[in-house]
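Visitor: The sequence isn't on hand, but the structure is:
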DNA sequence: TCAAATATCTAAAACGTTTTAGCAAATTCA
DNA sequence: TGAATTTGCTAAAACGTTTTAGATATTTGA
């Protein structure tokens, strides 16, 4: 068990001061007029003994950690994990590391996680915020740490965020169903006041009302996939007239597919479906499923570049940036009659 | 932008010493005979000013960070993300936090990531190791940091690991295909010497040779899903006699399903399939796919409990623990004729 | 009543860096 | 030749904790 070597060891063994070593380490040798000969000697020695500066000590001194805290709802959801992956890659390119975690959309857990991140002095945050965290996030910002929200925002909070145009996307998807001839279109969403869900609902409502069709909204109390399936089954039992469903998220659609197969309903003949959030499954499923596809890479890029500009204090405008990204409706014929 | 309050501020404002505050903070008040009255006063004050100790400074002093570094191949792969999720939850329960990252199975990237983790003084590591990292991991262990490998191991390295019984699992899956009447069973794997892949191959070979059947092994050079699909299509074109395929991983099976649908082959009539690693898709796909399901929760539990016991120096046996977990063959009738 | 024991608290070093301020020697310039 | 400048380096403080080794005041015991 070898002990780690410190900057003091390096300095002592070379018979020079810590200061000099530190300057060389930070590439300030030129500026500080350290002779090339000495620089070489020090660098060679560091190489030889495999010296690695302690970023802990460095962070303590500088107040910077080069770490970004990323909090998503559930890292095992393909939508979030692909955003996480993209953010991670972009952050690394810019010299930042990512610490991520799953909030499970639980206010208290998230509050604890924020406290933990703040204790560890992360430099900035990218958060998919559960409800009820306005105060905590406000505090974060006041303490000088930049925060970028993604996927959704907190209406009461003036801060940077990157979202998609939920209402417009839902409107388009619903209109597509209407144009395909469906008359009784249900909207299956979750039992939550999250703004992105409300926006999707308005898009759906707008499309229906423009065509004078009536609404069938089902709010699922989501606990797990099987329970959701049961709720959908009983909803369909009650509303026999429904001939199409628009699912507000990918996991709801998965539960929905199970429900439909359980009820033996034929897609797209007896019932048409569209889902929010693309998923590999939807491409391969028979019939394949038309979806509103969120550009995860773009979301990641916008979020990270916004955060980086705040970190570098470049952000020209001091007022919060609200970035809204368009989605693509991926039309896969077979889940909808043509 | 409020400045963070430090232990010094607390001590000064209360007119007592830092030491006392620290003892109270660490619950050593009783032991250090600090009067209850003072303890209460200090705790109340901390609450009031919302004092949070800097874990950075604490770590610098104690040498412990309470962070575990988790390195998986790809956080957006459902298999890895569900392990990550479970490990994260268990770690939090035990007062540890997780930093995770994706290695992309690239030796160099992983080497850099290890260096980064080590710089940040993580207390321990859980790693899905790419090939060629024997030395780096050896160094890690020598430096006193416990390492647990998961999913695969490095044959040259004597260390703790948690894997599944790959050979036996593959043997069972292949035997199941044979018993279902298939005669020309292909094994589609990746172009790699990773031991878990080799073990799966041996299981396949063993089953075939016991029944005197001939082998059809295809090693995919995996770059992306579409290229893999093409390779599988051309493989099937060349080997018309194949009537069943055993895919060595879930993502190969996904590419395989695309290939089969492209070729218009009917499952399970013209071709039977089985995959390694379960996936939500396989349950819902029509026909649903029989898979070798890895118990991700058990893997996570074993890995974290092994690591924790090392961290607490509890590990009775000092010699490496090699934990092998059985899998379950989830038989979904429809991808195999009966 | 006075030494011993106990209760209550603290000074200062240490962890490994960065950075400010400055010193001595060598070189340049007039 | 000697002042001014440049070159090449360093001492020490600071970041926010934990912990060792006491110090002082109070209580106890005979």
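Guide: Here it is on my side, so go on. All figures in this text were calculated on a predicted structure; none of them were measured in a lab. Numbering: from 1, shown residues only, chains lettered A, B, ... in the order given.
Visitor: Point out where chain A drops to low pLDDT.
Guide: A:1-2, A:314-317, A:334-335, A:338 (pLDDT under 70).
Visitor: how near is residue A:333 to DNA strand C?
Guide: 59 Å (Cβ to the nearest atom of the strand, to the nearest Å). Quick note: C-beta positions are derived from backbone N, CA and C, even for glycine.
Visitor: contacting residues for that residue?
Guide: The neighbours of residue A:333, taking Cβ atoms under 8 Å, 6 or more residues apart in numbering or on different chains as the test, are A:287, A:288, A:290.
Visitor: how close does it get to chain B?
Guide: Distance, residue A:333 to chain B, using Cβ to the nearest Cβ, to the nearest Å: 14 Å.
Visitor: for residue A:45, same thing?
Guide: For residue A:45, the distance to chain B - Cβ to the nearest Cβ - is 18 Å.
Visitor: Neighbours of that residue, how many?
Guide: 14 (other Cβ atoms under 10 Å in any protein chain shown).
Visitor: That one is in contact with residue A:12, isn't it?
Guide: No. In this structure residue A:45 lies outside contact range of residue A:12 using Cβ atoms under 8 Å: 11.3 Å.
Visitor: can you pull the contacts of residue A:80?
Guide: Here residue A:80 is in contact with A:72, A:73, A:74, A:128 (Cβ under 8 Å, 6+ apart).
Visitor: let's see it at 6 Å
Guide: Contacts here follow Cβ atoms under 6 Å, 6 or more residues apart in numbering or on different chains; on that basis residue A:80 touches A:72, A:74.
Visitor: That one should be in a helix, yeah?
Guide: Yes. The assignment for residue A:80 is a helix, going by DSSP: H, G, I helix; E, B strand; the rest coil.
Visitor: separation between it and residue B:319?
Guide: From residue A:80 across to residue B:319, the span is 40 Å (Cβ to Cβ, to the nearest Å).
Visitor: again with residue A:177
Guide: 63 Å.
Visitor: Same drill for the two, tell me which one is more crowded.
Guide: residue A:177 (25 against 8).
Visitor: Surely the more buried one and residue A:244 touch.
Guide: Yes. If you go by Cβ atoms under 6 Å, residue A:177 and residue A:244 touch, sitting 5.0 Å apart.
Visitor: okay, and the common contacts of these two?
Guide: By Cβ under 6 Å, 6+ apart, the residues touching both residue A:177 and residue A:244 are residue A:185.
Visitor: Contact residues of chain A facing DNA strand D?
Guide: A:15-20, A:23, A:32-35, A:38, A:57, A:60-61 (Cβ under 7 Å from any atom of the strand).
Visitor: Quick check: bridge partners of the nearest residue to residue A:311 once chain neighbours are set aside?
Guide: Leaving aside its chain neighbours, residue A:311 sits nearest to residue A:124 (5.4 Å; criterion: Cβ to Cβ, 6 or more residues apart in numbering or on different chains). Taking DSSP bridges as the rule, residue A:124 bridges to residue A:68.
Visitor: show me what contacts residue A:124?
Guide: Residue A:124 neighbours (Cβ under 6 Å, 6+ apart): A:68, A:145, A:146, A:307, A:311.
Visitor: Equivalent analysis for residue A:71, please.
Guide: A:101, A:103, A:127.
Visitor: Can I have the buried ones of those as a ChimeraX selection?
Guide: Those of the contacts of residue A:71 that count as buried under 16 or more other Cβ atoms under 10 Å in any protein chain shown are selected in ChimeraX with:
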select /A:101,103,127
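Visitor: Can you flag which of the contacts of residue A:71 belong to strands?
Guide: Among the contacts of residue A:71, the members falling in strands (DSSP state E) are A:101, A:127.
Visitor: Also near chain B: which of the contacts of residue A:71, exactly?
Guide: Among those, proximity to chain B is found for none (Cβ under 6 Å from any Cβ of the partner chain).
Visitor: Next to chain B in this structure, residues from chain A, please.
Guide: Going by Cβ under 6 Å from any Cβ, the residues of chain A near chain B are A:1-2, A:52, A:55-57, A:59-60, A:75-76, A:81-82, A:85, A:99, A:119-121, A:143-144, A:257, A:281, A:284, A:286.
Visitor: Among these, which ones lie close to DNA strand C?
Guide: A:52, A:56, A:57, A:60.
Visitor: wouldn't the second one be in contact with residue B:60 here?
Guide: Yes. Shown here, residue A:56 and residue B:60 form a contact pair, counting by Cβ under 6 Å, at 5.0 Å.
Visitor: show me the contacts for the closest residue to DNA strand C within the stretch 1-150 of chain A.
Guide: Taking Cβ to the nearest atom of the strand as the measure, the point where the stretch 1-150 of chain A comes nearest DNA strand C is residue A:7, at 2.8 Å. The contact partners of residue A:7, by Cβ under 6 Å, 6+ apart, come to A:18, A:21.
Visitor: Could you report the distance from it to residue B:122?
Guide: 20 Å.
Visitor: of all the contacts of residue A:333, which comes closest to DNA strand D?
Guide: When these are compared against DNA strand D (criterion: Cβ to the nearest atom of the strand), the nearest one is residue A:290, at 53.6 Å.
Visitor: Going by residue numbers, what spans are helices in the stretch 51-200 of chain A?
Guide: A:55-62, A:78-93, A:107-119, A:134-142, A:166-179, A:195-210 (DSSP state H, counting those that start in this stretch).
Visitor: count of residues packed around the closest residue to residue A:107 other than its chain neighbours?
Guide: Excluding its sequence neighbours, the residue lying closest to residue A:107 (Cβ to Cβ, 6+ apart) is residue A:132, at 4.4 Å. Neighbour count for residue A:132, taken as other Cβ under 10 Å: 13.
Visitor: what's the answer for residue A:58, then?
Guide: 20.
Visitor: again with the one 5 residues further on
Guide: Using other Cβ under 10 Å, residue A:63 has 12 other residues around it.
Visitor: Distance from stretch A:100-119 to the middle of the chain?
Guide: 14 Å (Cα atoms, centre = their mean, to the nearest Å).
Visitor: contacts for that stretch?
Guide: Contacts of stretch A:100-119 (Cβ under 6 Å, 6+ apart): A:69, A:70, A:71, A:73, A:74, A:75, A:84, A:130, A:132, A:136, B:52, B:55.
Visitor: please redo it, this time with the cut-off set to 7 Å
Guide: With Cβ atoms under 7 Å, 6 or more residues apart in numbering or on different chains as the test, stretch A:100-119 has contacts from A:69-75, A:84, A:125, A:128, A:130-133, A:136, A:140, B:52, B:54-55, B:85, B:88, B:97, B:100.
Visitor: And for stretch A:136-143?
Guide: Against stretch A:136-143 from outside (Cβ under 7 Å, 6+ apart): A:111, A:114, A:118, A:125, A:129, A:147, A:154, A:157, A:159, B:1, B:2, B:4.
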